Structures are given as structure tokens and as C-alpha cells.
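Asks: model this:
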Amino acid sequence: MERVGDDEGLLAERFEEHRGRLRAVAYRMLGSLSEAEDAVQETWLKLSRTDAGDIRNLAAWLTTVTGRVCLDLLRSRAARREEPMDTHVPDPVVSPLDRVDPEREALLADSVGLALLVVLETLEPAERLAFVLHDMFAVPFDDIAPVVGRSSAATRQLASRARRRVQGASPEPEPDLARQKEVLDAFLAASRAGDFEALLAVLDPEVVLRADSGGPGRGAAASKLVRGAASVARQALMFRQFADSSRLALVGGALGVVTAPGGVPLAVMGVTVTDGRIAGMYILSDPERLARLDLSPFTG
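Replies: Next comes the predicted model:
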């Protein structure tokens, strides 16, 4: 059975071997790239203060500690949350279509669709932890149970309840990037032309738009939830002047759009394409959060 040594340099090297997995866990738990990095750093601090010689399985120990850190953050966030949950858009992992440099490959490996992250935001913290750790990272319920303070059987029920909500929340997205591109190209062309009927044709009748501007008082860019093709099409027409400043990008592992007029990031939009139409749109236009994303490939 694995035992971890006490040498600090070696311990740091061993931790770095697991950093990518820990970041992936934290990102799915928190939906925030900056908070995920903070959670991973907190895990390192806890490890550095622990008698590492007593750790028999470092990977399992780090994963469960990261989960506990994230659970505490989620509970704290829920206690102070003020913005409506239905307009919150999690941080997307964004990358240009034409190139992926080595420094961004690790982030892309962590990417997960915005539609799934939005659903995960609706789960109770303990449900989210049980689902993420077990269903996404194959952590046994016996290891998760002490983190949520429940029995293994009760923890299994948490994950099962979360799984049902995740599976029934949204239609299956189109996996083919080429087909996604056809739909997005048509959407942008209709937006540029101000063609309402063409917009209706590319939008699912039950499409849902979530726009997160970071708070009230931002005029037309205020956070909002919009349902239905006609209403979403009217929203698209309001911002047609920015269509020429929009570039296709990988957003959460699927095609999306980065809008940066004059090289200044205005919005990142992720979409869910289903059956040849856009069924979900997720727009992040909060200036403070956009500034924390690496959008340099789109602002030069």
C-alpha cells in the first residue's frame, strides 16, 4: 500500500502530479476557475501541514480534501448569495478554434459544458459533491460519506437524486463540432442581417437564454432569463451591432462565441445545439469576471 514520504520537495512534486485532477474536481464543484485554483491551493496548504507519512493513498486523500474545501465554499456561497440563480452563468473554459497552445491544453482537459455546470448549480452542496466525486471521478461512496457527514447509503441516495436532476434537465447536445458550426454561423449571419425569421429558424422553440452581467443596473446588458424563440430572437436583434465583433471559439468544449469590439471583451457565449437548433444560450458579460478569464487570443 502506498505511503507518502515527509520530504517537502518530494511532497510538492507528488502534489503537482495530481494538480490537474484536483483542479478538474474543483472546477466542476464550483463553476469558477479562480475559486477552483484557490481550492487547489488550500488543499496544498492542508497537505503541507499534515503528517504525510500517515497518508496511505495520496490521490484519494487529495481528492476528498479538495471536495471538502469546495463543499465549505459552496455552503458559504449559498449563505450569502444575492443574485438570482437562474441568471448565473458559470466560468467557461475558452480557447480559440485554430490553435491550442500547450499552456491551454490542461485547461481544455478540464472543460465541461456550460449546460451541465448550470444544472450542477441547482443542486444542494452535498448532492453536488456526491455526484461530482462519484459519477465524474469514481470516488467510492465510503470515501465521500465522511465528507458530507452521512452514511454510505445516504450518500448514494444524494448522488442518485442529483443524477436524476442532471439527466432530466436538458436535451442531449450535438457532439459534432462541424454541425455546431453550421448552426452558429447561421445564427451570426441572421443577427448581422437583422433577419428575425432566420433567427427563429435557427432557434429551438423552447430555447432558454441566460445572460449574466454580474448584477443589476447595467441597462440593456442586465442579467436576465429569456425563454422562447421569439423573445430570444428579439434579444439577438438588440445586439446586432456587435455581431461583426464576434468570433467562434471553443467554450466549455463546445462551439461558442467571444465578442470583443475594438479588442475589449464584451461577452462570452456558450450554446447548446440540439437537433440542428440552438436550445440553450449562456452569456457571460460581467466585466470583472471576463477580466479574470484568459481571452488574450481574442483581443489582439
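
Asks: Tell me where the stretch 51-200 of the chain is predicted with low confidence.
Replies: Scanning the stretch 51-200 of the chain for pLDDT under 70 picks out 81-86, 99-111.

Asks: One more pass at 90, please.
Replies: The model of the stretch 51-200 of the chain has pLDDT under 90 over residues 51-56, 76-88, 93, 95-114, 167-177.

Asks: Which parts of it are helices?
Replies: 58-80, 102-109, 114-121, 125-131, 141-148, 152-167, 177-193, 196-202 (DSSP state H, counting those that start in this stretch).

Asks: and the gap between A236 and E288?
Replies: 25 Å (C-beta to C-beta, to the nearest Å). To be clear about C-beta, it is placed using only N, CA and C from the backbone, and glycine gets the same treatment.

Asks: just to revisit the earlier point, I'd like the helices of the stretch 51-200 of the chain written out as CSV, with mean neighbour count and distance to R49 added.
Replies: Output for the helices of the stretch 51-200 of the chain, formatted as CSV (neighbours: other C-beta atoms under 10 Å; distance: least, C-beta to C-beta, whole Å):
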stretch, mean neighbour count, distance to R49
helix 58-80, 18, 11
helix 102-109, 12, 26
helix 114-121, 22, 30
helix 125-131, 24, 23
helix 141-148, 18, 18
helix 152-167, 16, 27
helix 177-193, 17, 45
helix 196-202, 17, 54
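
Asks: Those helices: which one's closest to V226?
Replies: Shortest distance between V226 and the helices of the stretch 51-200 of the chain, using C-beta to C-beta, is found for helix 196-202: 12.9 Å.

Asks: Can I get the closest one in CSV, CA atoms only?
Replies: Taking Å, rounded to 0.1, in the frame of the first residue of the first chain, the C-alpha atoms of helix 196-202 are listed here in CSV:
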residue,chain,number,x,y,z
PHE,A,196,-35.9,37.9,-37.5
GLU,A,197,-37.3,35.0,-39.4
ALA,A,198,-33.9,33.5,-40.0
LEU,A,199,-33.2,33.8,-36.3
LEU,A,200,-36.4,31.9,-35.5
ALA,A,201,-35.4,29.2,-37.9
VAL,A,202,-32.1,28.5,-36.0
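
Asks: packing partners for it?
Replies: helix 177-193, helix 229-238 (3 or more C-beta pairs under 8 Å, 6 or more residues apart in numbering; DSSP states H and E).

Asks: Kindly reformat those as JSON lines containing distance to R161.
Replies: Formatted as JSON lines, the helices and strands packed on helix 196-202 follow (distance: least, C-beta to C-beta, whole Å):
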{"stretch": "helix 177-193", "distance to R161": "31"}
{"stretch": "helix 229-238", "distance to R161": "31"}
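
Asks: Tell me which of those sits nearest to L250.
Replies: Closest among the helices and strands packed on helix 196-202, using C-beta to C-beta: helix 177-193, at 8.4 Å.

Asks: And the contacts of that closest one?
Replies: With contacts defined as C-beta atoms under 8 Å, 6 or more residues apart in numbering, helix 177-193 is touched by 174, 195, 198-199, 201-203, 236-237, 239-240, 243-244, 246, 248, 254-257, 271, 273, 276-278.

Asks: and that helix, how far out from the chain's middle?
Replies: Between the centre of helix 177-193 and the centre of its chain there are 23 Å (C-alpha atoms, centre = their mean, to the nearest Å).

Asks: Show me the shaky parts of the stretch 201-300 of the chain.
Replies: 214-224, 238-246, 252-254, 262-263, 294, 296-300.

Asks: show me where it has strands.
Replies: Using DSSP state E, counting those that start in this stretch, the strands found in the stretch 201-300 of the chain span residues 203-212, 224-227, 246-251, 254-259, 267-274, 277-284.

Asks: Just want the angle from the fourth one to strand 246-251.
Replies: In this structure, strand 254-259 runs at an angle of 140 degrees to strand 246-251, with axes from the mean of the first three to the mean of the last three C-alpha atoms, to 10 degrees as the basis.

Asks: Quick one: list the elements packing against strand 254-259.
Replies: helix 177-193, strand 246-251, strand 267-274.

Asks: and Q157, which of these is closest to it?
Replies: Short answer: strand 267-274, nearest of those by C-beta to C-beta, at 28.7 Å.
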